[in-house]
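Asks: for reference, the sequence and a predicted model appear below.
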Amino acid sequence: MGFKTVVLAAGKGTRFKSELPKVLHPILGKPMLWYVVKAALEAGSEEVIVVVGHKRELVEEFLRENFPQVKTVYQSRQLGTGHAVAQCRELLENYSGKVVVLNGDTPLVRPEDIKAVASTPGDMVVLTAKTEDPTGYGRVVRDGNAVLKIVEEKDATPEERLITEINTGIYAFSAEPLFRALEQIDNNNAQGEYYLPDVLKVFQKEGLSVVPVLTSDFESVMGVNNRHQLAAAESVMRDRIVKELQLSGVTVHNPQTVYVEPDVTVEPDVELFGPLYLRGKTVIKKGTVVGPFCDIRDSFIGEGCTVESHCWMSGATLKGGASCGPFSRLREGTVLEGGSRVGSFVETKKAHLKEGAKANHLTYLGDCTVGENTNVGAGTITCNYDGFAKWRTEIGRNVFVGSNTLFIAPVKVGDGAITAAGSVITRDVPDNALAVARSKQVNYPGKAESVREKARKRAEEARGDNPRQNS
Ligand code: UD1
Ligand code: CA
């Protein structure tokens with residue numbers, strides 16, 4: 001049977017001490033709420049309604065951009081979880097199926113758990129879990145199989161606080177009695193709030209069924225109320241993603257230090273060395289090796305590439321067989337064709353290196369093309385910015401760029417040309433030409449000694465140990 005889902009996301013998240021609403025705090029680069037809504041949709045929810053309140057504009061904007069199909073309901077004052085669900089009455093008025101309720105701060109919830117709750121018969125099905133440290137959670141007070149009550153920690157007696165079975169905040173209710181019951185709950189409790197779990201009391205009075213479902217996996221239902229728990233939840237999610245990669249054929253060294261965001265794709269037979277960050281929509285094709293200490297965002301790395309340690313990449317494309325690092329910084333629009341390579345302390349931006357092109361050391365390549373099999377010497381810089389606009393440098397194929405060449409863009413270098421080391425290239429270089437743009441060397445025989453003598457005297461004078469000076 002189908003079901004609809006209400007996600008509670010109106011709270012401020014006081015314990016986060018943040019300007020940002022709690023549910024927008026990220027786990028692996030995605031807001032917590034993203035995971036909750038995604039799990040609900042994956043579980044087959046017909047509709048997802050998110051209750052927004054605190055900084056609603058931000059939450060609504062996030063939802064519009066990521067889940068346009070999701071509806072929102074506004075809770076103007078955060079009077080409690082029961083009050084929050086009650087705001088959905090109108091939207092669910094004629095609905096007689098099951099309503100699943102999820103907390104926006106339970107990001108690890110799995111679609112399986114949602115399905116289990118939604119498909120268990122009962123007017124109120126509550127997912128519970130056991131944990132050694134139940135601090136902060138509502139406790140489930142049982143009599144055998146039956147649930148007698150759910151009591152919030154702040155309202156619990158010392159004995160009740162010892163109970164280790166907790167309310168996960170994940171429920172499935174029959175829609176019609178739920179909204180009737182929400183009219184009857186009160187806020188006579190330690191927090192002065194309308195508690196959703198109090199629906200249980202009303203259901204018991206009306207003789208409706210309350211059914212607990214105990215999950216063995218506490219981790220998946222942990223609530224995130226502060227940044228310490230946020231880090232714990234992120235670490236669980238990270239483990240899940242890394243394990244999925246491992247089982248799909250990716251070798252991961254030092255896996256506890258490999259951070260992979262959920263939209264990243266890594267193909268089988270890739271080898272990853274931690275510590276490592278893979279972010280955004282990064283794609284890594286099979287047979288590629290990525291060394292440790294790399295931070296790679298929104299980049300495409302083709303088959304059989306080598307990324308050595310300490311590389312930073314954003315919006316870069318490496319075609320099959322390209323390589324970079326150690327210590328390369330590849331910025332947006334960088335394209336390394338097959339067999340091309342950039343090495344240590346090389347920065348690139350909108351640089352297109354054709355097949356077999358190489359820039360191995362200490363170089364800046366911005367707004368340029370480097371032709372097939374061209375070699376760029378150490379210390380080369382494309383001077384692309386004149387203070388007003390960016391200009392391109394076009395370097396042909398089989399060019400030998402001497403060390404420490406400066407290209408004052410816009411400028412073109414023809415195929416097969418050579419630039420002499422230390423040249424400042426301001427004009428186009430024809431095919432096969434040698435461009436020398438530096439002053440000619442002059443040798444003065446024996447002059448070194450007189451230069452040294454002059455320097456020695458000057459130093460003595462500065463120290464004040466010259467007798468003529470002291471008199
Ligand atoms: C809640 C449960 C507790 C359970 C725990 C599981 C209640 C009263 N308590 O406690 O039994 O063990 O979750 O994690 O339900 N929210 C609103 N509007 C409000 C208040 C809260 O939308 O007026 C939202 C919050 O943004 C949050 C969620 O509801 O996403 C839960 O609220 P929170 O204050 O975190 O409840 P807990 O104290 O964790
Ligand atoms: Ca919570």
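Replies: Thanks, I have it. Remember, predicted model here, so these are calculated numbers, not experimental data. Ligands and ions are numbered 1, 2, ... in the order given.
Asks: quick check: which element contains Ile114?
Replies: Assigned by DSSP states H and E, Ile114 falls within helix 111-119.
Asks: alpha carbons of that helix, as CSV, please.
Replies: Presented in CSV, the C-alpha positions along helix 111-119 are these (Å, rounded to 0.1, in the frame of the first residue of the first chain):
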residue,chain,number,x,y,z
PRO,A,111,14.7,3.5,2.7
GLU,A,112,14.3,-0.1,4.1
ASP,A,113,13.4,1.3,7.6
ILE,A,114,10.8,3.6,6.1
LYS,A,115,9.3,0.8,4.1
ALA,A,116,9.2,-1.5,7.1
VAL,A,117,7.4,1.2,9.2
ALA,A,118,5.0,2.0,6.3
SER,A,119,4.1,-1.6,5.6
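Asks: quick one: average confidence on it?
Replies: On average, the pLDDT along helix 111-119 is 97.
Asks: by contact count, what packs against it?
Replies: helix 32-42, strand 98-103, strand 124-130, strand 165-174, strand 210-215 (3 or more CB pairs under 8 Å, 6 or more residues apart in numbering; DSSP states H and E). Glycine gets a C-beta too; all of them are placed from N, C-alpha and C.
Asks: residues in contact with Val85?
Replies: By CB atoms under 8 Å, 6 or more residues apart in numbering, Val85 lies in contact with 6, 8, 51, 99, 101, 178, 182, 196.
Asks: residues from the stretch 101-250 of the chain in reach of ligand 1?
Replies: Residues of the stretch 101-250 of the chain found near ligand 1 (CB under 6 Å from any ligand atom) are 103-106, 137-138, 150, 152, 166-169, 195-197, 223, 225.
Asks: ok, of those, which come out buried?
Replies: 103-106, 137-138, 150, 152, 166-169, 195-197, 223, 225 (16 or more other CB atoms under 10 Å).
Asks: what helices or strands is the helix or strand where Tyr259 lies leaning on?
Replies: Using DSSP H and E, Tyr259 sits within strand 258-260. Here strand 258-260 touches helix 227-247, strand 276-279, going by 3+ CB pairs under 8 Å, 6+ apart.
Asks: now it, how far from the centre of its chain.
Replies: Centroid separation between strand 258-260 and its chain, computed with CA atoms, centre = their mean, to the nearest Å, is 9 Å.
Asks: then stretch 248-263?
Replies: The answer for stretch 248-263 is 13 Å, by CA atoms, centre = their mean.
Asks: one more: stretch 3-17?
Replies: 21 Å.
Asks: show me what counts as buried in that stretch.
Replies: Buried, per 16+ other CB under 10 Å, within stretch 3-17: 3-11, 13, 16.
Asks: paired strands for the helix or strand following the strand holding Tyr259, with orientation please.
Replies: Going down the chain from strand 258-260, the next helix or strand is strand 265-266, by DSSP H and E. For strand 265-266, sheet partners with direction are given as strand 283-284 (parallel), following DSSP bridges.
Asks: residues in contact with the strand it pairs with?
Replies: With CB under 8 Å, 6+ apart, strand 283-284 has contacts from 264-267, 270, 278, 290, 299-301.
Asks: go again using 10 Å as the cut-off
Replies: 245, 250, 260, 263-267, 270-272, 278, 290, 296, 298-303, 305, 307, 317-318 (CB atoms under 10 Å, 6 or more residues apart in numbering).
Asks: and those residues, which of them are buried?
Replies: Buried among the contacts of strand 283-284 by 16+ other CB under 10 Å: 245, 250, 260, 264, 266-267, 270, 272, 278, 290, 296, 298-303, 305, 307, 317-318.
Asks: so which of the residues you listed belong to helices?
Replies: Among the buried ones among the contacts of strand 283-284, the residues falling in helices (DSSP state H) are Leu245.
Asks: now do the contacts for Ala316.
Replies: Per CB under 10 Å, 6+ apart, neighbours of Ala316: 282, 296-301, 322, 324, 328-336, 342, 348-349, 351.
Asks: no, scratch that, I was asking about Gly333
Replies: 314-317, 348-352, 366-367.
Asks: for Asn375, what are its contacts?
Replies: Here Asn375 is in contact with 356-360, 398-402 (criterion: CB under 10 Å, 6+ apart).
Asks: can you select the buried ones from those residues in ChimeraX?
Replies: To isolate the buried subset of these in ChimeraX, counting by 16+ other CB under 10 Å, use the following:
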select :356,357,358,359,398,399,401,402
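Asks: columns pLDDT on top of the contacts of Asn375, output as TSV?
Replies: Output for these, formatted as TSV (pLDDT from 0 to 100):
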residue	pLDDT
Gly356	98
Ala357	98
Lys358	98
Ala359	98
Asn360	98
Asn398	98
Val399	99
Phe400	98
Val401	98
Gly402	98
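Asks: got the phi/psi numbers for Ser76?
Replies: Dihedral pair for Ser76: phi -70, psi -30, per degrees, to the nearest 10.
Asks: ok, Tyr74 next?
Replies: phi -100, psi 130.
Asks: was I right to think it contacts Glu60?
Replies: Yes - under the criterion of CB atoms under 10 Å, Tyr74 makes contact with Glu60 at 9.0 Å.
Asks: which of the helices and strands packed on strand 258-260 sits most buried?
Replies: Comparing the helices and strands packed on strand 258-260 by mean neighbour count (mean count of other CB atoms under 10 Å), strand 276-279 comes out on top with a mean of 22.
Asks: just the pLDDT for the nearest residue to Val346 once chain neighbours are set aside.
Replies: Distance criterion CB to CB, 6 or more residues apart in numbering; nearest residue to Val346, sequence neighbours excluded, is Thr363 at 4.7 Å. Here, the pLDDT recorded for Thr363 equals 98.
Asks: quick one, what contacts the nearest residue to Gly138 once chain neighbours are set aside?
Replies: In space, Gly138 comes closest to Asn167 once its chain neighbours are excluded; the distance is 3.8 Å by CB to CB, 6+ apart. Applying CB under 10 Å, 6+ apart to Asn167 gives the contacts 126-129, 134, 137-140, 147, 150-152, 196-197, 200, 212, 221, 223.
Asks: what is Val141 paired to in the beta sheet?
Replies: Bridge pairing for Val141 - DSSP bridges - gives Lys149.
Asks: mind listing what it touches?
Replies: 147-151, 156-157, 159-160, 163, 165.
Asks: which of the residues of the stretch 101-250 of the chain next to ligand 1 are close to ligand 2?
Replies: For ligand 2, the contacts drawn from those by CB under 5 Å from the ion are 105, 223, 225.
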